[in-house]
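Novice: make a model of this:
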Amino acid sequence: MKFTAEQLENAKTRDDLIKIANENDIPIKKTLRKLKYEAELALLQTEFVNLQKWIALEKRRVAVIFEGRDAAGKGGSIKRFKEHLNPRSSRVVALTKPTEVERGQWYFRRYIKVLPNPGEVVFFDRSWYNRAVVEPVMGFCSPDEYEQFMIQVPEFEHLLYEDNMNLIKFWFSISKDEQKKRFEDRLSNPLKRWKFSPVDMRGQELWDDYTHYKEQMFSRTHSHYIPWVIVKANDKKIARLESMRYVLSQFDYSGKGSSGVNLIPDPNVIMPYHRSVLQIDV
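Specialist: Model (predicted):
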């Protein structure tokens, strides 16, 4: 059932439309949810503009890492984070596979070159943590290379912390069924098909292997100074809003809260690794 032309003409406000819908059994729940999401997203993005101005003024260096299984929603979240930011002081880093020269260098070297400069925020669409999960699962690194990385990464991140760089590490967590659904959506949508890769095709088949290496990564690289932050991401929209809220909550920037939006992340969606070890990627 839909609104008639007469009903739309008589409605002067949103409340009028809702009243008409309720009286005539017109389904609008999905539409209202989308409108609420878009309104809240706009307010959070306004806060991010204020945060970026403060980062530039204070010459802070901020890096936000987005990790998670394939199709977890990392790219979509980054898009909303960066949508209205000044491109002169914000970047997205999504490195391709290393070249032959890079393979002969210290693993972290190519990531060091793209870390944030003073006054800049950088969003990593995957990061050096490729070597902690994807590479060992897919056989892209040797056991010795993997073990060396796992020993070095806490020290590497501690150096960044001591050098006053702000580093936030997100893991976007989805269920196996949700991943399958999103893969099927990518394949059926011509506008999303480019996102699907041969590596993605093995995501379901190798689910347990990914789980093993992911848990090893958390247990060996989670620290009090740079913790892993788990984002329950089966609902993409909620994951975007709550991850934005979390980042904003970590800084005392000028004009914080001036938009009136809630800046306290939902603890049922956003949580540090140690609180969610039995709940993620089920």
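Novice: got the CA positions of the host helix or strand of I230 in PDB?
Specialist: Element membership for I230, per DSSP states H and E: strand 228-232. Provided in PDB are the C-alpha atoms of strand 228-232 (Å, rounded to 0.1, in the frame of the first residue of the first chain):
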ATOM      1  CA  TRP A 228      42.000  -3.900  19.200                       C
ATOM      2  CA  VAL A 229      38.500  -2.500  19.000                       C
ATOM      3  CA  ILE A 230      35.800  -4.900  17.800                       C
ATOM      4  CA  VAL A 231      32.900  -3.600  15.800                       C
ATOM      5  CA  LYS A 232      29.900  -5.900  15.400                       C
END
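Novice: give me the mean pLDDT for the helix or strand following that strand.
Specialist: Next helix or strand after strand 228-232 toward the C-terminus (DSSP H and E): helix 236-249. Averaged across helix 236-249, the pLDDT comes to 98.
Novice: what segments of this structure are helices?
Specialist: 5-10, 14-23, 29-58, 74-82, 100-103, 109-112, 134-138, 143-162, 176-188, 198-201, 207-221, 236-249, 273-276 (DSSP state H).
Novice: tell me the angle the longest one makes with helix 236-249.
Specialist: What it means is helix 29-58. Angle between the axes of helix 29-58 and helix 236-249 is 30 degrees (criterion: axes from the mean of the first three to the mean of the last three Cα atoms, to 10 degrees).
Novice: which other helices and strands contact helix 29-58?
Specialist: helix 74-82, strand 120-125, helix 236-249 (3 or more Cβ pairs under 8 Å, 6 or more residues apart in numbering; DSSP states H and E). (C-beta placed from N, C-alpha, C; glycine too.)
Novice: OK, contacts around the closest residue to R220 other than its chain neighbours?
Specialist: Ranked by Cβ to Cβ, 6 or more residues apart in numbering and with sequence neighbours excluded, the top spatial neighbour of R220 is M150, at 5.4 Å. Contact analysis of M150 by Cβ atoms under 8 Å, 6 or more residues apart in numbering lists A132, Q216, M217, R220, T221.
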